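In: What would the 3D arrangement of this be:
(one chain, ligands or ions: 2)
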Amino acid sequence: MLRILSSATKCLSARHCSGFLSRMKFMKKLREDDVSCAAVLQNSCVFLFHHLSPLLQRTERETFRPAVLFSSDVLSILERLGSDKSLLNESVLIGCSEQNQPQFCLDVGKLDQAAVEKECGGNFVNLKKSFFLLTEADAPLVAKGQALLRWHQTNRFCSATGQPTHRNQAGSQRVCRSSGAVYYPKMSPVVIVLVSDGRRCLLGRQSSFPLGMYSALAGFCEMGETLEEALCREVAEEVSLEVQSISYSSSQHWPFPQSSFMMGCHASVSPAHTLLSIDHTELEDARWFTLEEIDTALQVKTLPRRGDPLTVWLPPKHALANRLIAEWAMRQRGNRVEP
Ligand SMILES: NC(=O)C1=CN([C@@H]2O[C@H](COP(=O)(O)OP(=O)(O)OC[C@H]3O[C@@H](n4cnc5c(N)ncnc54)[C@H](O)[C@@H]3O)[C@@H](O)[C@H]2O)C=CC1
Ligand SMILES: [Mg+2]
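Out: Numbering: from 1, shown residues only. Ligands and ions are numbered 1, 2, ... in the order given. The predicted structure follows:
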């Protein structure tokens, strides 16, 4: 069995960079210079995927972390499993750790899954499950890796000429040599908004959500829309409310169902106009929640099962919706005047 190293354990490329600025410049160079990138890949961390499912390893504390191998370990595995070692060159650059360790991801879907799992002492777990098994710190990098690997797998041909596209070594773009068209990985912009009437906040649920889960309203931005226009339209479409003011909170990359760029906002509506008219083609339910109800929902740690009494619970900390709700609750607690 091979050793699986946390990305912090070795620091092979420290001489290349130190601090945030040099790390960013180093990454830029790797994206632009195929020869440097190929050389660095020989001494880097690699996150393995199998048909887009990341390889996870159980820790001593019965939690999970992404299994991180060194390129030399990957080459040994490829050799032992009788695979062409050039497969390593299909790795895609995903980052550089704070310890200055370049990080790549590689899909070994061509190899036997069980054989790789045995070699590595881990398991390939589909992204939806693994995203929530991982810590808030590890999940985004794994999601980014999967998103890039998926993009490469689904953009192998030029949409103008039908000719094959060719990736650069870092995997940050693909080029059609026939037309010269350059393709870059794409995300769909999505607005997510926590609407408040000053006293309560508005949450909704789609029928596809797990039982009892309510979240902030969200929707894809349409071509040509500003963030603010998309937000007002989505709230109008889904619950027939007119938003009065908007403030931006923060953003996140969201891998489900495919790469979205989520932009999180707070918005207010007039307390005199809070009557909801729900579009049931989009939402199964939407309701106003008081601070007490939100506090209770934030406490729910074990997910309800079918047959359990209906408990409202909220998206986990990994989701921007959770942050928006927590921000709102904190602000409400601060505003509350004790009798
Ligand atoms: N990270 C978080 O906290 C949360 C993330 N989300 C994510 O936000 C996203 C958008 O939320 P929804 O309410 O489902 O959006 P939505 O309200 O825009 O409705 C989805 C529908 O929009 C259409 N659509 C338009 N452009 C699309 C595109 N580029 N890709 C896919 N469908 C498109 C499709 O018909 C789809 O069925 C979802 O992917 C969901 O996973 C939703 C809630 C919380
Ligand atoms: Mg929606």
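
In: The host helix or strand of E237 vs ligand 2: in contact?
Out: Secondary structure from DSSP states H and E places E237 in helix 227-239. No - in terms of CB under 5 Å from the ion, no part of helix 227-239 sits within range of ligand 2; the closest distance is 5.6 Å. (Each C-beta comes from the backbone N, C-alpha and C, glycine too.)

In: pLDDT of that helix, averaged?
Out: Helix 227-239 carries an average pLDDT of 98.

In: which other residues reach that helix?
Out: Under the criterion CB atoms under 8 Å, 6 or more residues apart in numbering, residues 189, 191, 193, 195, 202, 204, 217-222, 225, 241-243, 246, 248, 263, 265, 267, 276-279, 282-283, 286 lie in contact with helix 227-239.

In: Pull out the buried positions in the next helix or strand after it.
Out: Proceeding N to C from helix 227-239, the next assigned helix or strand is strand 245-254, under DSSP H and E. Buried positions in strand 245-254, judged by neighbour count with 16 or more other CB atoms under 10 Å: I246, S249, Q252, W254.

In: Name the nearest residue to the first one, sequence neighbours excluded.
Out: For I246, ignoring the flanking residues on the chain, the nearest one in space by CB to CB, 6 or more residues apart in numbering is A267 at 4.8 Å.

In: Next, S72: phi, psi?
Out: phi -60, psi -40 (degrees, to the nearest 10).

In: Now for it, how many residues are close by?
Out: Here the count is done by other CB atoms under 10 Å, and S72 has 14 residues near it.

In: contacting residues for it?
Out: Neighbouring residues of S72 by CB under 8 Å, 6+ apart: Q42, N43.

In: Residue of the stretch 1-150 of the chain nearest ligand 2, please.
Out: Here the stretch 1-150 of the chain gets closest to ligand 2 at one residue, K128, 18.6 Å apart by CB to the ion.

In: What mean pLDDT does the helix or strand that contains E293 get?
Out: In the assignment (DSSP H and E), E293 maps to helix 291-299. The average of the pLDDT scores along helix 291-299 is 95.

In: Same check on stretch 105-114?
Out: Mean pLDDT, stretch 105-114: 97.

In: Could you break this protein into its assigned domains?
Out: With domains defined by the TED database, the chain comprises 20-157, 188-301+310-336.

In: Could you verify my assumption that V175 touches A181?
Out: Yes - counting by CB atoms under 8 Å, A181 is a contact partner of V175 at 7.2 Å.

In: I'd guess the residue of the stretch 1-150 of the chain closest to ligand 2 is in a strand, am I close?
Out: No - K128 is assigned helix when assessed by DSSP: H, G, I helix; E, B strand; the rest coil, not a strand.

In: For L55, see how far away it is.
Out: Note on K128: its distance to L55, by CB to CB, to the nearest Å, is 16 Å.

In: for V191, same thing?
Out: Taking CB to CB as the measure, V191 falls 34 Å from L55.

In: again with R233
Out: The gap separating R233 from L55 is 41 Å, by CB to CB.
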